[in-house]
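**Q** pasting a predicted model and its sequence here:
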There are 2 protein chains.
Amino acid sequence: MPLLSSKAIEMPASPIRKLVPFAEAAKKAGKIVYHLNIGQPDISTPKVALEAIHQLKHDVLEYSHSAGFESYRTKLALSYQKQGIEVNKEDIIITTGGSEALIFGLMTACNPGDEVIIPEPFYANYNGFAVMAGLKVVPVTANIDNGFALPPVSEFEEKITAKTKAIIICNPGNPTGYLYSQQELEQLRDIVKKHDLFLFADEVYREFCYDGAKPFSTMNLKGIENNVIMIDSVSKRYSMCGARIGALISKNEEFMSAALKFGQARLSPPTVDQIAAEAALDTPMSYFEEVISEYVARRNIMVDGLNSIPGVFCPKPSGAFYCVAKFPVSDAAHFCQWLLEEFEYEGQTVMMAPADGFYATKGAGKNEARIAYVLDQAHLKASVECLRVALELYEGTQR
Amino acid sequence: MPLLSSKAIEMPASPIRKLVPFAEAAKKAGKIVYHLNIGQPDISTPKVALEAIHQLKHDVLEYSHSAGFESYRTKLALSYQKQGIEVNKEDIIITTGGSEALIFGLMTACNPGDEVIIPEPFYANYNGFAVMAGLKVVPVTANIDNGFALPPVSEFEEKITAKTKAIIICNPGNPTGYLYSQQELEQLRDIVKKHDLFLFADEVYREFCYDGAKPFSTMNLKGIENNVIMIDSVSKRYSMCGARIGALISKNEEFMSAALKFGQARLSPPTVDQIAAEAALDTPMSYFEEVISEYVARRNIMVDGLNSIPGVFCPKPSGAFYCVAKFPVSDAAHFCQWLLEEFEYEGQTVMMAPADGFYATKGAGKNEARIAYVLDQAHLKASVECLRVALELYEGTQR
């Protein structure tokens, strides 16, 4: 039997893989498990998008252009322009999810062996994309005590070597929910400009900003137009994760022309899903207003609830639908497993993602867990109560 | 502006890229251009698949499992079993097109710097996937004069080095339409076994076999169960190229478990498209009978027509819907461009793919072109007449 590749071995498994069998066993045993561990929203996909699928007119489900349907790119560009982001259709390649945009983008920008700096905790699948592209992830650690704000510029500077090719950010952030201010983004711009790096900005949560906060797109940073690569996706915006439609966006023509060759090799993104995504651009503003107000209510239940539990600290994020909380335990992974394996409260328990999987620094985030507040308010309230009772019973709780 | 990666530079562009502007200009000038250059069938997608899309019941378009819906994998495995191919649902990862299956498969099996042997001419995008995985393509040249049969085993043996990790075949073949016999596949099995290589078999054209020929799947080769990686796709089988649903299939558990980590990093293949692909498994046999008889008629028109033109030779393939023909010209790429730029016959011309883009050996296939016979019979007849007249007029025709 031939040996597998080193990439196959390095490729990280999901941060919750060890918990999955315990969650399954808990459900089999009749427990209700509140899944706070995944970012699969329960929000309905906009009707306009579902109707476009129901009304598909095609007799032959053909390939689209490798960069995506021109009609979709045109309309998508217009939607950015309406948000004050100057993007034209030539600056867009439609991809199979934001994931593919990142893979193509990293392979276009970076040579195997290059380094990418990422503020941690970060979306765990960036590790997988880095392995695929042969890159080394160099973390700069953000601190839960100041809400996961951008680490000081000096910490980035310390990590920059001759191999550094890019900085990757997610804004608003998964897993932290932190929304970078324009000032923080301008600090990043200065580093990127000084060292002539690429700046990959995963902005898939752009619409999910709360308490009047306004997102500032990296596409609007002046003076680094050729350095900025924006990643976007319809997954969260329209609660259509299963459509697998994303976008790779940049003003750097040479970059886009090279990235398109990766797109051509895989022929095209999915056709029906692009039609649905194009239709989704007509989603009424009222949809987003309802969704945002629902998420604000959920966030408040979850974050205020967590902070009301003795020893728990959770910064209140301004964006996305995640938060990272610090628990009074030494090993959150063990606590998460115990919740599924040993604990129940009125027949219920919760599943969270241990945060160490979102850090590249060994040992970091050991007492933290990521929570996605994508369940309805009643279930979130019940989840908080579960956690309150659990921490009273858990032997490892530091009192 | 930061430099792009070496992969971005090495990444090949489409073999027809240089022709595209000439085709566009020809159409602008009012010429009818028969597109023999792309494998986008005009055949209707089965009604069962389109109905599944029209009747989608979901309110939330959610992710599927990273390996694809279990119901789909179960039913797909059953359909292989009915064809006499022993595949279970555990042996299947649903991918976003056959392309993604090959990318994940190559990255799982091969280290950057490894070599993969491919009989040429081969599907040009294998070059792109090899660049993405950092691999060197080593061609073994098949000969048009014996219909592109498998080159002698000795030629494979000559190319095997310590770096050789896999052999890739496409059966029936794109671009040649050649169907490997069981005996040829057993020769490959012996090489693979002797050198403990992976054998990637792209079998996406399996249903397209003519004149009573039966395809023999590599999955049924005895003694190399852990070496065989089968690539499949619904694109051609159900004329649903735009669905982007493929599959990575192997009995090698360790391989599959590692490949799934690549699948998990990109979350899931598209949901609606999997539902359509699952429904497509209920396509009645009459659909395939009609399609096959249509392709046989088309092949006969095209291949017999080509062979009736003085100086043209085209082996008659037993599978897929492509053929590679040899023209009495020294530079088929120039001839193809001239057809679009200078030539017309009763307002019509044809676009073919110069075959040199399907060879890795520099200079090979210079007088050959690939033709996809995916147009209706009348247009194929007109295409043959165009080529006949064109070769009478073309200055470069060797008489």
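**A** Looks like it came in fine. Bear in mind the structure is a predicted one, so any value in this text is a computation, not a measurement.

**Q** which of the helices or strands spans the residue in the stretch 1-150 of chain A positioned nearest to chain B?
**A** Nearest residue of the stretch 1-150 of chain A to chain B, counting by Cβ to the nearest Cβ: A:Gly128, 3.1 Å away. (Glycine included, C-beta is placed from N, CA and C.) Using DSSP states H and E, A:Gly128 maps to helix A:125-133.

**Q** quick one, that helix and helix B:125-133 angle?
**A** Helix A:125-133 runs at 120 degrees relative to helix B:125-133, counting by axes from the mean of the first three to the mean of the last three Cα atoms, to 10 degrees.

**Q** residues in contact with helix A:125-133: which ones?
**A** A:7, A:10-12, A:99, A:102-103, A:106-107, A:110, A:112, A:116, A:118, A:136-137, A:168, A:360, B:107, B:261-262, B:264-267 (Cβ atoms under 8 Å, 6 or more residues apart in numbering or on different chains).

**Q** repeat that for stretch A:183-199.
**A** Contacts for stretch A:183-199 (Cβ under 8 Å, 6+ apart): A:109-110, A:149-150, A:153, A:156-157, A:160, A:164-167, A:169, A:171, A:180, A:216, A:218, A:221-224, A:227-229, B:1-2.

**Q** quick one, helices of the stretch 251-399 of chain A?
**A** Taking DSSP state H, counting those that start in this stretch, the helices of the stretch 251-399 of chain A run over residues A:253-265, A:271-280, A:285-307, A:332-341, A:377-393.

**Q** any idea which of those is most buried?
**A** Among the helices of the stretch 251-399 of chain A, helix A:271-280 has the highest mean neighbour count (mean count of other Cβ atoms under 10 Å in any protein chain shown), at a mean of 26.

**Q** can that helix be found next to chain B?
**A** Yes: using Cβ under 8 Å from any Cβ of the partner chain, helix A:271-280 reaches chain B at A:271-273, A:276.

**Q** with stretch A:87-97 instead?
**A** Yes: contact of stretch A:87-97 with chain B (Cβ under 8 Å from any Cβ) involves A:96-97.

**Q** may I have that stretch as PDB, with CA atoms only?
**A** The C-alpha coordinates for stretch A:87-97 follow below in PDB (Å, rounded to 0.1, in the frame of the first residue of the first chain):
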ATOM      1  CA  VAL A  87     -15.800  46.900  -6.900                       C
ATOM      2  CA  ASN A  88     -16.400  46.300 -10.600                       C
ATOM      3  CA  LYS A  89     -17.400  43.000 -12.200                       C
ATOM      4  CA  GLU A  90     -13.800  42.600 -13.500                       C
ATOM      5  CA  ASP A  91     -12.600  42.500  -9.900                       C
ATOM      6  CA  ILE A  92     -14.700  39.500  -9.100                       C
ATOM      7  CA  ILE A  93     -14.300  35.800  -9.600                       C
ATOM      8  CA  ILE A  94     -17.200  33.700  -8.300                       C
ATOM      9  CA  THR A  95     -16.000  30.700  -6.400                       C
ATOM     10  CA  THR A  96     -17.400  27.500  -4.800                       C
ATOM     11  CA  GLY A  97     -17.700  29.000  -1.400                       C
END
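
**Q** can you give me the buried ones in it?
**A** For stretch A:87-97, a neighbour-count test (16 or more other Cβ atoms under 10 Å in any protein chain shown) marks A:87, A:89, A:91-97 as buried.

**Q** enumerate the residues of the stretch 201-350 of chain A near chain B.
**A** A:226-227, A:239-244, A:252, A:254-255, A:258-259, A:261-262, A:264-273, A:276.

**Q** as TSV, the helices of the stretch 251-399 of chain A with mean pLDDT would be great.
**A** Output for the helices of the stretch 251-399 of chain A, formatted as TSV (pLDDT from 0 to 100):
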stretch	mean pLDDT
helix A:253-265	97
helix A:271-280	98
helix A:285-307	97
helix A:332-341	98
helix A:377-393	98
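
**Q** show the contacting residues for A:Gly30.
**A** Contacts of A:Gly30 (Cβ under 8 Å, 6+ apart): A:Gly347.

**Q** cool, A:Val48 as well?
**A** A:279-280, A:282-283.

**Q** 6 Å - rerun?
**A** Going by Cβ atoms under 6 Å, 6 or more residues apart in numbering or on different chains, A:Val48 touches A:279, A:282-283.

**Q** also A:Gly134?
**A** A:Gly134 touches A:Pro112, counting by Cβ under 6 Å, 6+ apart.

**Q** show the model's pLDDT score for it.
**A** Here the pLDDT value assigned to A:Gly134 is 98.

**Q** also A:Arg17?
**A** For A:Arg17, the predicted pLDDT is 88.

**Q** and it, which of the three is it?
**A** The three-state label given to A:Arg17 by DSSP: H, G, I helix; E, B strand; the rest coil is coil.

**Q** distance of it from A:Val303?
**A** 27 Å (Cβ to Cβ, to the nearest Å).

**Q** A:Ala77 too?
**A** A:Ala77 is 36 Å from A:Val303, by Cβ to Cβ.

**Q** what's the answer for A:Cys314, then?
**A** 5 Å.

**Q** closest one to B:Ala124 among the helices of the stretch 251-399 of chain A?
**A** helix A:253-265 (8.8 Å; Cβ to Cβ).

**Q** packing partners for the closest one?
**A** strand A:92-95, helix A:97-109 (3 or more Cβ pairs under 6 Å, 6 or more residues apart in numbering or on different chains; DSSP states H and E).

**Q** can you redo these as CSV with mean pLDDT?
**A** Converted to CSV, those look like this (pLDDT from 0 to 100):
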stretch, mean pLDDT
strand A:92-95, 98
helix A:97-109, 98
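
**Q** out of these, the one nearest B:Thr45 is which?
**A** Closest among the helices and strands packed on helix A:253-265, using Cβ to Cβ: strand A:92-95, at 21.1 Å.

**Q** pull the residues that contact the closest one.
**A** A:67-68, A:73, A:101, A:246-249, A:259-260, A:263, A:269.

**Q** from those, which single one is nearest A:Pro21?
**A** A:Gly246 (30.9 Å).

**Q** who does the closest one bridge with?
**A** A:Thr95, A:Ser233 (DSSP bridges).

**Q** and it, what does it touch?
**A** By Cβ under 6 Å, 6+ apart, the neighbours of A:Gly246 are A:95, A:97-98, A:101, A:233.

**Q** right, I'll leave it there.
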